[in-house]
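Q: the following block contains a protein sequence and its predicted model.
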Amino acid sequence: DSTLVLDGGYESLIGDASMPRLLKWTEGPAIKISEPGGTGLNEWSRVENFYIQRKIGGSFTCPEYTATITETQAGVVISGHGAGVAAAVQKARLSNLRVGNFAVGFFFADCVGVTVHKCFTQNLGDYTNATTTPGNVTITSSMWGVGFYFDATRYASGSISPLASIEIVECDDVRQNDPTTIKSVSYLIVGEDIRDIFFHNAESSHADYGWYIDGLSNDDLNWDVHVIRPIIDTFKKHAVYINNVDGAGAVSIIGGYYVGVEGAEASIYGVNSNGICITGGAQILGLTNHDGTNNTDDGIRLDSCSSCSIIGNRFANLQYAISLNGTTFSTIQGNVISAAVTGEDAQDPDLVDAIRLFGNSRENTVGNNTIRGQSASNKYTTGISLASGSDYCKLIGNIIEDATVTTQVSDSATGTQQVTSQLTTEEVQDIVGAMFSGNTETNITATYQDGDGTIDLVADAGSGNTGSDYNDNVKARFGTGNDLEIYHSGSHAFIEN
């Protein structure tokens, strides 16, 4: 029942295709990949094909949830925290592991180049109404239940805890049956040194948060977190929560599917961060219940963020598809926002503002988005809303359907630039007319008539009383076939017929 430890490097623990069970009868990790001690490195450890179950005293008991996450709560640990060198665990490979009934499924710290493929975590009992842990500690809202935990904190004075080049591929976490009191998270990333963590086609269901990414302070060294094609289903609070992430790379979210339970909050919520990029055709859906209320408030909401991009995504059935609150220098471009009934007996979704900027969200660009409500009887109140203080924003080429949006643009801001994708006839006439104002005119007068959009051209009959002047050998021709020509050669005058 003791922890199986791989700490020597080039060690493997591989079950067969039937996935043999590893039963953990006492608290603590079932498997740990760690440093060999001292200054050594643990490289190329490998664990595959096991079903790991926490079964304390022979039964599935409520996990030992705590407010501070430690290795002792996890089923599988990959950590070099005990070494005297950074990144003491490198290039570990985990594949086809099923981890059940731990407060934390997987724990990662001080490791580099780790790949986790097709691993799965879940509860093995129903702890929804649990009030105390097996250690008789009252379960509170400060406690965590986590599928995959990434510790990127600086764990010693002046030290950096490198957590870099981690790939989570086709993994799944089901948080069903967590106590309703705790914070339930599928993928929790915490610390100032979050670097190059990639999630490919990972899934989350029944969690409060699918992804919870917290840089802790605004002094982080974040160098990219990438969430690629996730499926986040039935989340209760946020599908992705990003807080205090302001490093050089920040967070990119590419594609994926996001749908919360009735009454969930913003699908993707960023706070006090910069460089968040959400693109690649993300499908962000709001659900309505049978009386037409409590559809997800926001699809994407960014509070006090900067230099973010929301590009090329699809939003459906959301009161507010995209919200910027106190967010600056960001781009909302090429998104499709619409609404429809979501089921046979569901009611019309509540629709308010498709895109809203408020709280002094300045110097942002909103361009080439398509916005339409559900129908003429269930419209978006406003297509794009700019509250007072959201100044100097640019609106370019947005398509907003008149029949299903009551007010296309509500602008209470200062210095807004609105540019449509196609100039009107009047705009073209005014541009051309301006070319004939203040220009140089010789022997002709050009006047732009704004009333009918025409230009009047009046040629002078000559140079007044002094006549018309021609240079030598320049002929004045008369008649349909130029039959009469009059000119001067420089020494003689000629009249030819």
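A: Noted; the coordinates are in hand. Residues are numbered from 1 along each chain as shown.
Q: my read: residue 406 touches residue 382, true?
A: Yes: using CB atoms under 8 Å, residue 406 is in contact with residue 382, at 7.0 Å. Where C-beta positions appear, they are placed from N, C-alpha and C, glycine not excepted.
Q: compare those two (neighbour count), which wins?
A: Neighbours per residue, other CB atoms under 10 Å: of residue 406 and residue 382, the larger number sits with residue 382, 22 against 13.
Q: quick check: the gap between the more buried one and residue 351.
A: Per CB to CB, to the nearest Å, residue 382 is found 10 Å from residue 351.
Q: dump stretch 134-153 to CSV, restricted to CA.
A: Extracted in CSV, the C-alpha atoms of stretch 134-153 (Å, rounded to 0.1, in the frame of the first residue of the first chain):
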residue,chain,number,x,y,z
PRO,A,134,-12.7,11.5,6.7
GLY,A,135,-10.4,13.4,9.1
ASN,A,136,-13.5,15.1,10.6
VAL,A,137,-12.6,18.5,9.1
THR,A,138,-15.6,20.7,8.1
ILE,A,139,-15.8,21.0,4.3
THR,A,140,-15.7,24.7,3.4
SER,A,141,-15.8,26.9,0.3
SER,A,142,-12.0,27.4,0.6
MET,A,143,-11.3,23.8,-0.2
TRP,A,144,-10.4,22.4,-3.6
GLY,A,145,-11.4,19.3,-5.6
VAL,A,146,-9.1,19.1,-8.7
GLY,A,147,-8.5,16.8,-11.6
PHE,A,148,-5.1,18.1,-12.8
TYR,A,149,-3.1,20.6,-10.6
PHE,A,150,0.0,22.5,-11.8
ASP,A,151,2.0,24.2,-9.1
ALA,A,152,4.0,27.1,-10.7
THR,A,153,4.7,28.9,-7.4
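Q: okay, buried residues for that stretch please.
A: 139, 143, 144, 145, 146, 147, 148, 149, 150, 151, 152 (16 or more other CB atoms under 10 Å).
Q: end-to-end on stretch 325-340?
A: 27 Å (CA to CA, to the nearest Å).
Q: what's the local residue count around the nearest residue to residue 494 once chain neighbours are set aside?
A: Of all residues beyond its chain neighbours, the one nearest residue 494 is residue 487 (5.7 Å), with distances taken as CB to CB, 6 or more residues apart in numbering. By other CB under 10 Å, 17 other residues sit near residue 487.
Q: with residue 454 instead?
A: Residue 454 is flanked by 12 other residues according to other CB under 10 Å.
Q: equivalent analysis for residue 304, please.
A: Residue 304 has 17 nearby residues by other CB under 10 Å.
Q: for it, give its distance to residue 194.
A: Counting by CB to CB, the gap from residue 304 to residue 194 is 19 Å.
Q: and residue 301, by the same measure?
A: Taken as CB to CB, the span from residue 301 to residue 194 is 21 Å.
Q: so which of those two has more stuff around it?
A: Neighbour totals were compared for residue 301 and residue 194, and residue 194 leads with 29 against 23 (other CB under 10 Å).
Q: show the pLDDT at that one.
A: On pLDDT, residue 194 comes in at 80.
Q: show me the beta-bridge partners of it.
A: Here residue 194 sits in beta bridges with residue 163, going by DSSP bridges.
Q: distance of it from residue 151?
A: 10 Å.
Q: overlap in contacts of those two?
A: residue 163 (CB atoms under 8 Å, 6 or more residues apart in numbering).
Q: and stretch 245-263, end to end?
A: 27 Å.
Q: how many residues are close by the closest residue to residue 367 other than its chain neighbours?
A: In space, and not counting its chain neighbours, residue 367 is closest to residue 396: 3.7 Å by CB to CB, 6+ apart. By other CB under 10 Å, the residues close to residue 396 number 15.
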